[in-house]
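J.: how would this look folded up:
(one chain, ligands or ions: 1)
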Amino acid sequence: MGALYNILSNITFNNILIGLLSLTCIYLIHFYYKHFTRVNPIPGPIPIPLIGNLAVFTSDIDAWFWRLNKKYGHHGIFEVNIAGHRQIVITRAEYLETLMTADNRAHFMRSPQSGLFGLFDFEKKGLALNDDYNYWKFNRYIFTHAITVLTQTDKPSILLNQLFEEMEQYWIDLKQPGEREAVIDIAAWMRHLTMDGIAMLTAGKQLSAMKNYYQKLKNEPLTKEMFDTEEFVKCMNTFVMDNKLLFVPKILRNFPLIKPRVDELLKNCNRLYEKLVNVVKEKRKEVEKTIMHGELNTEEMNLLTSLIIANTEHDPHPQKNVDPSLARPMTDDEIRGVMFDAFAADDPYRPITSEDLAKLKYVEAIIKETSRIRPVVIVLSRYSERPDKVAGYMWPSKTYFIMYVRGISNSPLYWKDPDKFIPERFYGNQEIYKNSFSMFGGGPRICPGNKFAMIELKTLLAAVYRRFDVELLDIHAPLNLRTSMITMVELFGIQEQFITKCLHPGDLRNLDLLNFWS
Ligand code: HEM
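T.: Predicted coordinates:
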């Protein structure tokens, strides 16, 4: 005890400083030693310890990947480092085969829970960020089943037609008397319409997001309902755009510049979770009541009801010979996780029927060509659980892979004149090079909402262009896109503080001009 006291009392400030510097030096030497002796060294920017490549956090991810692909992507593979994790970026369609194969158990997972993921309760919840294989499989199984049942009905297109009609009325009303045209922020309207649609389809619940947005544009006095809905839309938007923070290494969580942003995102997420869990609880009570009165109408079910009764004795579509670990009902929190995914998954009237939709092949080609040039999801990630050969190299387990979807779908290797907008590429019997177009990803984690999303996109595109003559307000204005986990048109207004800032259509820059057909 005395010796220890002697040692401690002789430590000076200089000793502490030297100690800290030595530790930092050892860490740096260790980091760069590991970097320069890594398995399969391939080209890529040199990482900074802890952070990796700083550009991930400071610049637009889409523009960053585009630049890196031009510099390093020629051989079909390069590497980056995100928050201390080496990531192998694949830029050739032919190298995706192994990562996209449905039964290759080596690459089922998207990424292990690292960075700050643990704070946000994604572990074991939902699908998109769920990285516990067994829980993901359970959620995926129930969600896919529920959404498949829904998309086999006419419900999604009937609902979208109704929503479009509602939006149309607001647009016409926003037009000044005597004018033939109005300036409309299409991106903001589509976001509100999507929120209304998802709320209706998932929970059978009126969110009135469009109505409230319209009232806001009309400068009508705030009601609690308007405030709650706009807050929900704003919270979702904040999560989708600010989720880069999830990759910040745990050790930096309390750093002065990072802490307030993480706290804000966490507060934001918790607000969303609370709202969603309340919806689930309410719906569960309602379902229990209808079951008690023998009134459960399985024809009229929405996604939430399907999720609540899945694997219970009231499930109208029980699956046979199911792995017993998949045969239990979902908890409220698990349902909340799946609903969160459905809301966060972005995309954006004689009513258009499902037969009409099947015929709209050219509209589908336009959607695909737009998505080829500017995919919503520019990169897909996978994490290997076992050693495997990818892009000609043997990789150990626990390797992170990134499939650079935007680079591949714009590569002259697979597309003639890749910069040109040619929907005909997807029309008729044109051959598409395997894995060179992955709008909805591929393999076991392919987007389970893909059919629903296509119905939504086709219905809305056809409905808007059937009724309106659409022109860009400024054809030369740059595309106002922002990429986090997904690429979106930047929304004006929703990013702002709702109470302090109310926008008039005239305030909006870079928007769409609609000439009404009168
Ligand atoms: C234009 C619309 C959409 C696009 C472009 C899109 C695209 C994607 C992509 C690329 C993935 C990753 C797939 C992979 O890793 O291989 C994904 C995953 C997912 N999407 Fe979509 N999606 C859209 C709409 C939707 C909708 C409307 C829903 C729900 C109703 C949805 C639910 C999901 C879920 C839950 C996942 C995670 C699946 C998993 O990890 O197992 N998506 N989506």
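J.: which of the helices or strands spans residue 272?
T.: Assigned by DSSP states H and E, residue 272 belongs to helix 259-292.
J.: report the buried residues of that helix.
T.: The neighbour-count criterion (16 or more other C-beta atoms under 10 Å) identifies 262, 265, 268, 269, 272, 273, 276, 279, 280, 283, 284, 287 as the buried residues of helix 259-292. From N, CA and C alone the C-beta is placed, and that goes for glycine too.
J.: which helices and strands does it pack with?
T.: Taking 3 or more C-beta pairs under 8 Å, 6 or more residues apart in numbering; DSSP states H and E as contact, the helices and strands that helix 259-292 lies on are helix 224-242, helix 303-309, helix 332-344.
J.: please point out which parts of whichever helix or strand residue 464 is part of sit buried.
T.: Counting by DSSP H and E, the element that carries residue 464 is helix 450-467. Taking 16+ other C-beta under 10 Å as the basis for neighbour counts, the residues of helix 450-467 that come out buried are 451-464, 467.
J.: where is pLDDT lowest across those residues?
T.: Scanning those for pLDDT, the low point is residue 467. It has 79.
J.: for residue 400, phi and psi?
T.: Here the main-chain torsion angles of residue 400 (degrees, to the nearest 10) amount to phi -90, psi 130.
J.: dig out what it forms beta bridges with.
T.: With DSSP bridges applied, residue 400 shows beta-bridge pairing to residue 87, residue 383.
J.: returning to what we had before: most packed of the helices and strands packed on helix 259-292?
T.: helix 303-309 (a mean of 24; mean count of other C-beta atoms under 10 Å).
J.: just checking, what packs against that one?
T.: In terms of contacts (3+ C-beta pairs under 8 Å, 6+ apart), helix 303-309 is packed against helix 133-151, helix 186-203, helix 259-292, helix 332-344.
J.: gap between it and the chain center?
T.: 22 Å (C-alpha atoms, centre = their mean, to the nearest Å).
J.: which ones are touching the closest residue to residue 118 other than its chain neighbours?
T.: Spatial nearest neighbour of residue 118, chain neighbours left out: residue 250 (7.7 Å); criterion: C-beta to C-beta, 6 or more residues apart in numbering. When contacts are counted by C-beta atoms under 8 Å, 6 or more residues apart in numbering, residue 250 touches 115, 116, 118.
J.: the second one contacts residue 255, correct?
T.: No. Applying C-beta atoms under 8 Å, one finds residue 116 not in contact with residue 255, separated by 11.9 Å.
J.: these two - which one has more neighbours?
T.: Between residue 116 and residue 255, counted using other C-beta atoms under 10 Å, residue 116 has the larger neighbour count: 20 against 11.
J.: adding distance to residue 177 as columns, could you present the helices and strands packed on helix 303-309 in TSV?
T.: Rendered in TSV, the data for the helices and strands packed on helix 303-309 read as follows (distance: least, C-beta to C-beta, whole Å):
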stretch	distance to residue 177
helix 133-151	41
helix 186-203	21
helix 259-292	38
helix 332-344	37
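J.: for the ligand, find the nearest of the ones you listed.
T.: Comparing the helices and strands packed on helix 303-309 by their distance to the ligand (C-beta to the nearest ligand atom), the top pick is helix 332-344, with 3.9 Å.
J.: residues contacting that closest one, please?
T.: Contacts made with helix 332-344 from outside it, assessed by C-beta under 8 Å, 6+ apart, are listed as 122, 125-128, 130, 139, 142-143, 195, 198, 202-203, 236, 239-240, 272-273, 276-277, 279-281, 284, 303-304, 307-308, 330, 449.
J.: got the angle for it vs helix 133-151?
T.: Helix 332-344 and helix 133-151 meet at an angle of 60 degrees, taking axes from the mean of the first three to the mean of the last three C-alpha atoms, to 10 degrees as the criterion.
J.: how big is the angle separating helix 332-344 from helix 224-242?
T.: 80 degrees.
J.: near the ligand, anything from helix 332-344?
T.: Yes. Applying C-beta under 6 Å from any ligand atom, one finds helix 332-344 touching the ligand at 341, 342.
J.: now do that helix: distance to the chain's middle.
T.: Using C-alpha atoms, centre = their mean, the distance from the centre of helix 332-344 to the centre of the chain it belongs to is 13 Å.
J.: using CSV, list the CA coordinates for that helix.
T.: In CSV, the C-alpha atoms belonging to helix 332-344 read as follows (Å, rounded to 0.1, in the frame of the first residue of the first chain):
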residue,chain,number,x,y,z
ASP,A,332,-46.0,-5.3,-29.5
ASP,A,333,-42.4,-4.2,-29.7
GLU,A,334,-41.6,-6.6,-32.5
ILE,A,335,-44.6,-5.3,-34.5
ARG,A,336,-43.5,-1.8,-33.8
GLY,A,337,-40.1,-2.7,-35.3
VAL,A,338,-41.6,-3.9,-38.5
MET,A,339,-44.0,-0.9,-38.7
PHE,A,340,-41.0,1.4,-38.3
ASP,A,341,-39.4,-0.3,-41.3
ALA,A,342,-42.5,0.1,-43.4
PHE,A,343,-42.7,3.9,-42.6
ALA,A,344,-38.9,4.4,-43.0
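J.: quick one, strands of the stretch 351-500 of the chain?
T.: Per DSSP state E, counting those that start in this stretch, the stretch 351-500 of the chain has strands spanning 379-383, 388-390, 393-395, 400-404, 468-472, 481-483, 487-489. These are given in chain order.
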